[in-house]
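J.: sequence below, structure please.
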Amino acid sequence: MQRAEEIKAAIEAAVPGAGVTVVPNPSPSAQHALRLEPAHAVAVATFLRDAPGLAFDYLSNVTGVDWLDKEIAEKVKVTRQVTKTVDGPDGAKVDQIVDETAEETRKRVEPGYLETVYHLYSVALHHGPLVLRMRTVNRTDQIQLPSFTPVWRGAEFQEREVFDLYGIVFTGHPDLRRILMWDEFKDHPMRKDYVEPDDYEYEPTAHDAVLKRAQEHSAAAEGNRE
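T.: This next block holds a predicted model:
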């Protein structure tokens, strides 16, 4: 199989403005990924499937990743004007404004996002995997990504699972609905900030921490009825 950089070049030649980025993998496998811009992702996927030298005709796996907001501390040099008392020409003390450089730590928050990861193989040419990645704008109100189901039908159920567990909305999906949790279920259990409910009445064999929460919930409910 061609290297990730070579596939990137082929994509950019075939799909103008595709905006493909190589994501290095520093592990011994060196299984580098290609991050796609959502606006051109379906066109890129179609090219990867149909190009004779690539022929990625099999989508084996789709998964999600939740990246939380990240606080980053950076050291920066800051120059300020300060007043210092120095000896004047006649020996008398005088105030003088001078520049003083100091290093300080500043913190900034890098917004989080949701990501999908696809693994492609070519059955026809016996090569792969090729790893594709796509990320949303944020984790709140801009969580749409294009569906690859029109390109690889095998994405249908797996994208539904990512939608169910992570909350990514796949535009163009033919049947986007929950697949593991029930329709009335709130939230997305695989998100890193997911808070488990304290009502475990549906758990038939509550034990340990689950049992403790169930007992606390039951006691609170009894108190509210009194």
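J.: report how many residues lie close to the closest residue in space to residue 87 that isn't next to it in sequence.
T.: Using C-beta to C-beta, 6 or more residues apart in numbering and skipping the chain neighbours, the partner closest in space to residue 87 is residue 93 (6.6 Å). (Glycine included, C-beta is placed from N, CA and C.) Using other C-beta atoms under 10 Å, residue 93 has 8 other residues around it.
J.: okay, now the unreliable bits of this protein?
T.: Residues of the chain that meet the criterion pLDDT under 70 lie in 198-207, 221, 224-226.
J.: rewinding a little: the residue nearest to residue 87 contacts residue 84, doesn't it?
T.: No. Between residue 93 and residue 84 there is no contact under C-beta atoms under 8 Å: 10.4 Å.
J.: show me the domain layout of the chain.
T.: Following automatic domain parsing, the chain resolves into domains at 4-67+113-171, 71-109, 196-226.
J.: ranges for the strands of this protein?
T.: In the chain, the segments counted as strands under DSSP state E are 21-23, 33-35, 58-67, 70-87, 93-110, 113-122, 127-135, 144-146, 169-171.
J.: deepest of those strands, which one?
T.: Between the strands of the chain, the one whose residues have the most neighbours on average, counting mean count of other C-beta atoms under 10 Å, is strand 113-122 (a mean of 22).
J.: ok, and the closest non-adjacent residue to residue 79?
T.: Skipping the residues right next to it in sequence, residue 79 comes nearest to residue 101 by C-beta to C-beta, 6+ apart, at 4.8 Å.
J.: and the residue nearest to residue 123 when sequence neighbours are not counted, bridged to which residues?
T.: Leaving out its chain neighbours, the residue that sits closest to residue 123 by C-beta to C-beta, 6+ apart is residue 58, at 5.0 Å. Counting by DSSP bridges, residue 58 forms beta bridges with residue 121.
J.: in this structure residue 58 contacts residue 118, no?
T.: No. Assessed by C-beta under 8 Å, residue 58 is found out of contact with residue 118, at 11.1 Å.
J.: and stretch 163-179, what's buried?
T.: Judged by neighbour count (16 or more other C-beta atoms under 10 Å), stretch 163-179 contains these buried residues: 163-170, 173, 176, 179.
J.: now what about it, what contacts it?
T.: Contacts with stretch 163-179, where a contact means C-beta atoms under 8 Å, 6 or more residues apart in numbering, come from 42, 64-66, 114, 116, 136, 143-147, 149-150, 156-157, 159-162, 180-181, 183, 185, 188-191.
J.: mind redoing it with 7 Å?
T.: For stretch 163-179, contacts defined as C-beta atoms under 7 Å, 6 or more residues apart in numbering pick out 64, 66, 114, 116, 136, 143-147, 149-150, 156-157, 159-162, 180-181, 185, 188-191.
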